[in-house]
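Enquirer: Would you be able to build a 3D model of this:
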Amino acid sequence: MKKKVLSALLTTAMLASMLVGCGSSNDAPAAASSEAAPAASTEAAASTEVAAEPATEEGKVFNIYCWNEEFKSRLTDHYPGYEEVDGTTGKIGDITVKWNITPSDDNAYQNNLDATLLKQADAAADDKIDLFLVEADYALKYVDTDYTMPVKDLGITDVLMAAGKILAVGSNLTVSLPDLETVDAKGKILTPGFFDQHIHVNGGGGEGGFASRTPEIMLSELVKVGTTSIVGVCGTDFISRSIENLLAKVRALSIEGVSAWMYTSNYRFPCTSMSQSVAQDLFLVPECLGVKIALGDHRSSFPRPDEVLHLLSDIRLTGMITGKGGVLHVHMGDIPGIFDMFLSFEKGGFPIRHIRPTHCSRKREVYEGSLEFARHGGLTTRPDSPATAPRQTTSQRPSPPVLIPPGSRCRLTVTAQCPALMRRVK
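Expert: Residues are numbered from 1 along each chain as shown. Just a heads-up that it's a prediction; the model follows:
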């Protein structure tokens with residue numbers, strides 16, 4: 001396998017793993033399988049390129065530079081054919097994969113990356129950087145340099161799609177297929193659809209009485225704001241908003257063309273399930289990626305830490321059995337201390353990636369706890385709007401630009417809380 005092709009495939013795996021990170025690891029191999037045709041096309045293109053240029057020795061070592069274990073764990077967990085040799089070495093076919101992981105403290109990763117790139121031209125084939133990761137705030141540093149493809153070379157391109165997959169991207173593609181439809185997208189920007197990880201597709205509200213209930217979402221409302229993938233959830237109302245109703249709505253949206261998943265249960269503990277347990281829901285229902293619960297909230301059931309840990313263990317083990325990521329999606333209230341509990345679980349050996357807190361910005365102490373959680377590798381979902389925030393004065397509400405220190409590498413995802421909010425946001 002050529003290193004150029006491997007680089008393209010690993011980049012695809014990295015993008016696909018973003019979905020996996022949301023809970024559905026069983027989709028990753030399918031994505032890799034469905035990309036077989038594009039991979040073949042890429043390899044053919046690479047072969048053509050090599051044939052047109054003087055032959056060069058690519059080497060047998062694929063060097064990846066990154067600042068933590070996250071991308072490595074995504075690759076080792078979900079890339080077909082990867083074999084781990086030790087903590088810094090793996091194999092993909094006849095290619096040796098070497099991991100150069102430098103923590104980002106005091107800019108150490110960037111300094112190491114820059115120093116190595118300066119030696120790139122004269123480095124031996126097995127010592128060259130083949131793939132390096134940067135965060136958005138550093139991306140422009142490497143644009144239009146000798147180390148990356150110039151943005152202007154990307155140009156205006158054609159895109160070939162079939163069966164819901166991108167098969168080829170290039171200038172002036174010539175394709176002859178039956179029933180081929182050509183869409184004139186001149187002047188448009190083609191981008192992936194948004195992934196809303198927390199949305200009450202079957203309606204929300206109800207805490208203010210029957211008249212405060214919000215209606216279920218419609219396909220047209222999702223498409224209008226560019227959302228093509230969702231994870232449906234239930235909330236406070238555990239009586240009239242059943243999990244079965246949520247599943248029915250998720251499947252209806254899926255039939256209409258949305259990539260749709262769900263979390264079973266709601267705020268309550270013991271959890272509400274469609275079968276004998278939430279573990280069985282996760283096992284029996286393909287769309288079910290995990291479990292929802294409320295913690296640190298006056299509407300929660302106030303489970304003990306050992307009960308939460310046992311629930312997490314069930315979710316993780318069932319996720320392993322089913323090939324799903326398996327997550328506990330936690331509605332966070334404004335009672336401090338929950339993130340301390342999560343970090344104690346991590347200290348005891350439980351993988352933090354299975355915990356997905358949401359609504360973390362309602363109180364300063366909780367928000368600061370979410371930042372520390374993120375620094376430990378946790379991922380938080382943070383719907384943040386006046387429609388969902390508590391009745392606080394302006395001085396009481398946290399201010400993200402002030403609270404997030406410069407250079408923080410905290411992973412926060414903003415989502416639309418409910419259909420009613422989605423209608424108001426442009």
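
Enquirer: how about G226, what does it touch?
Expert: By CB atoms under 8 Å, 6 or more residues apart in numbering, the contact set of G226 is 191, 193-194. Using the backbone N, CA and C atoms, a C-beta is placed for each residue, glycine as well.

Enquirer: isn't D297 right next to P336, touching?
Expert: No. The pair D297 / P336 is not scored as a contact, 11.8 Å apart, by CB atoms under 8 Å.

Enquirer: So those two - more neighbours on which side?
Expert: Remark: of D297 and P336, D297 carries more neighbours, 20 against 14, as counted by other CB atoms under 10 Å.

Enquirer: Wait, I129 touches F62, no?
Expert: No. Look at I129 against F62 with CB under 8 Å: they stay out of range, at 9.8 Å.

Enquirer: Looking at the two, which has the bigger crowd around it?
Expert: Set side by side, I129 and F62 show more neighbours around F62, with 24 against 17, by other CB under 10 Å.

Enquirer: in the helix or strand hosting that one, what counts as buried?
Expert: Assessed by DSSP states H and E, F62 sits inside strand 61-66. Of the residues in strand 61-66, those buried by neighbour count under the rule 16 or more other CB atoms under 10 Å are 61-66.

Enquirer: Show me the two of the residues you listed that sit farthest apart.
Expert: Farthest-apart pair in the buried residues of strand 61-66 is V61 and C66; separation 16.0 Å (CB to CB).

Enquirer: follow-up on the earlier one: could you dump the contacts of G226 to a markdown table with secondary structure, distance to G257 and neighbour count?
Expert: Output for these, formatted as a markdown table (DSSP: H, G, I helix; E, B strand; the rest coil; distance: CB to CB, whole Å; neighbours: other CB atoms under 10 Å):
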| residue | secondary structure | distance to G257 | neighbour count |
| --- | --- | --- | --- |
| T191 | coil | 17 | 7 |
| G193 | coil | 10 | 15 |
| F194 | strand | 14 | 15 |
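
Enquirer: what's the closest of those residues to T264?
Expert: Of the contacts of G226, the one sitting nearest to T264 (CB to CB) turns out to be F194, at 23.4 Å.

Enquirer: Just to check, the closest one is in contact with S229?
Expert: Yes. Counting by CB under 8 Å, F194 sits close enough to S229 to count as a contact (7.4 Å).

Enquirer: Give me the spatial nearest neighbour of P351, chain neighbours excluded.
Expert: R316 (7.1 Å; CB to CB, 6 or more residues apart in numbering).

Enquirer: I'd assumed the one you found was in a strand, is it?
Expert: No. Read with DSSP: H, G, I helix; E, B strand; the rest coil, R316 is helix and lies in no strand.

Enquirer: which ones are touching it?
Expert: Contacts of R316 (CB under 8 Å, 6+ apart): 326, 350-351, 354.

Enquirer: Return a PyMOL selection command for the buried portion of these.
Expert: To isolate the buried ones among the contacts of R316 in PyMOL, judged by 16+ other CB under 10 Å, type:
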select buried, resi 326+350+354
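
Enquirer: List just the nearest of the contacts of R316 to D94.
Expert: P351 (31.5 Å).

Enquirer: so how far is L289 from the closest one?
Expert: Computed as CB to CB, to the nearest Å, the P351 to L289 distance reads 16 Å.

Enquirer: likewise M262?
Expert: 7 Å.

Enquirer: between the two, what contacts are shared?
Expert: In contact with both M262 and L289: V231, using CB under 8 Å, 6+ apart.

Enquirer: the more surrounded of the two?
Expert: L289 (28 against 25).

Enquirer: quick one: average confidence on the helix or strand encompassing Y109?
Expert: In the assignment (DSSP H and E), Y109 maps to helix 108-118. Over the span of helix 108-118, the pLDDT mean works out to 89.

Enquirer: same for that helix, what does it pack against?
Expert: Other elements packing on helix 108-118 under the criterion 3 or more CB pairs under 8 Å, 6 or more residues apart in numbering; DSSP states H and E are strand 61-66, strand 129-132.

Enquirer: Stretch 343-361: how far from the chain's middle?
Expert: Distance, stretch centre to chain centre, for stretch 343-361: 16 Å (CA atoms, centre = their mean, to the nearest Å).

Enquirer: Can you tell me how far N266 is from W99?
Expert: Taking CB to CB, one finds N266 at 41 Å from W99.

Enquirer: So for the two, which sits in the more crowded spot?
Expert: Taking neighbours as other CB under 10 Å, N266 and W99 compare with N266 leading, 25 against 19.

Enquirer: for the stretch 251-400 of the chain, what are the low-confidence residue spans?
Expert: Where the stretch 251-400 of the chain drops to pLDDT under 70, the residues are 381-400.
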